[in-house]
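Enquirer: Quick check, what structure comes out for this input:
(chains A and B)
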Amino acid sequence: QKEVEQNSGPLSVPEGAIASLNCTYSDRVSQSFFWYRQYSGKSPELIMSIYSNGDKEDGRFTAQLNKASQYVSLLIRDSQPSDSATYLCAVKVWDGGSQGNLIFGKGTKLSVKP
Amino acid sequence: DAGVTQSPTHLIKTRGQQVTLRCSPKSGHDTVSWYQQALGQGPQFIFQYYEEEERQRGNFPDRFSGHQFPNYSSELNVNALLLGDSALYLCASSFGQAGELFFGEGSRLTVL
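Expert: Numbers count the residues shown, from 1 in each chain, chains lettered A, B, ... in the order given. Got it, this is the predicted structure:
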């Protein structure tokens, strides 16, 4: 059973701090990793994708991937109250050579306090 | 540039009824995937349509079926509704089966 695990939170950080969100996955052949942000009552919005080991930076967001440890993280620098949302980690799993589908974690709820 | 659009946005059904949800993909996208998101959970993959055929399917019963039309739009049908089918149903489109997914706003189904 392929699984994606996230701490459900809530994770509370003060405005301006760094928020660190973590995700582990069980499938060793997973190739692509994604972070989605979901505001309450809204649909998921893609904010970062990462495909190779190391760090990928986009503005205030940095995704980190360690395939050997089956671990992916998202850092949000200079957190703002508008970053308060649920962050979903998703992993694309390749199944027998066919195109993969996304498996999501349950999400981590982030609250940024002014 | 229109994003992914879904209809209806909200609907209420009773147990045993049938429901059809509709999705128009983002302009330029040819692949549609459907997800079910229960309250407090992450989205669960239902199935994916490409070239008017179901290409992949998640762990959902045959009560869940779908269709893709020549213009790439898609429908999700659920028969014999159960209380547990109450959820947010998300449509996501992509360019190709391996492309990045862009989600619509969802259809919130309540089964009474």
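Enquirer: Only C-alpha atoms from now on, for both contacts and neighbour counts.
Expert: Fine.
Enquirer: Right, and chain A sits closest to which residue of chain B?
Expert: B:G42 (4.2 Å; Cα to the nearest Cα).
Enquirer: Neighbours of that residue, how many?
Expert: Using other Cα atoms under 10 Å in any protein chain shown, B:G42 has 23 neighbouring residues.
Enquirer: Surely it and A:F104 touch.
Expert: Yes - assessed by Cα atoms under 8 Å, B:G42 is found in contact with A:F104 at 5.5 Å.
Enquirer: so what sits against both of these two?
Expert: A:L88 (Cα atoms under 8 Å, 6 or more residues apart in numbering or on different chains).
Enquirer: can you list the residues of chain A near chain B?
Expert: Contact residues, chain A versus chain B (Cα under 8 Å from any Cα of the partner chain): A:42-46, A:88, A:99-107.
Enquirer: farthest pair in those residues?
Expert: For the residues of chain A next to chain B, the farthest-apart pair by Cα to Cα is A:K42 and A:Q99; their separation is 27.1 Å.
Enquirer: give me the low-pLDDT residue ranges for chain B?
Expert: Residues of chain B meeting the criterion pLDDT under 70: B:1.
Enquirer: For it, which residues are neighbours of chain A?
Expert: So chain B meets chain A at B:40-45, B:56, B:90, B:97-98, B:101-106 (Cα under 8 Å from any Cα).
Enquirer: so of those, which ones are in strands?
Expert: The members of the residues of chain B next to chain A that map onto strands under DSSP state E are B:Q44, B:F45, B:Q56, B:L90, B:F102, B:F103.
Enquirer: quick revisit: ok, the residue of chain B closest to chain A - contacts?
Expert: If you count contacts by Cα under 8 Å, 6+ apart, B:G42 has them with A:L88, A:F104, A:G105, A:K106, A:G107.
Enquirer: What of B:G84?
Expert: By Cα under 8 Å, 6+ apart, B:G84 lies in contact with B:V111.
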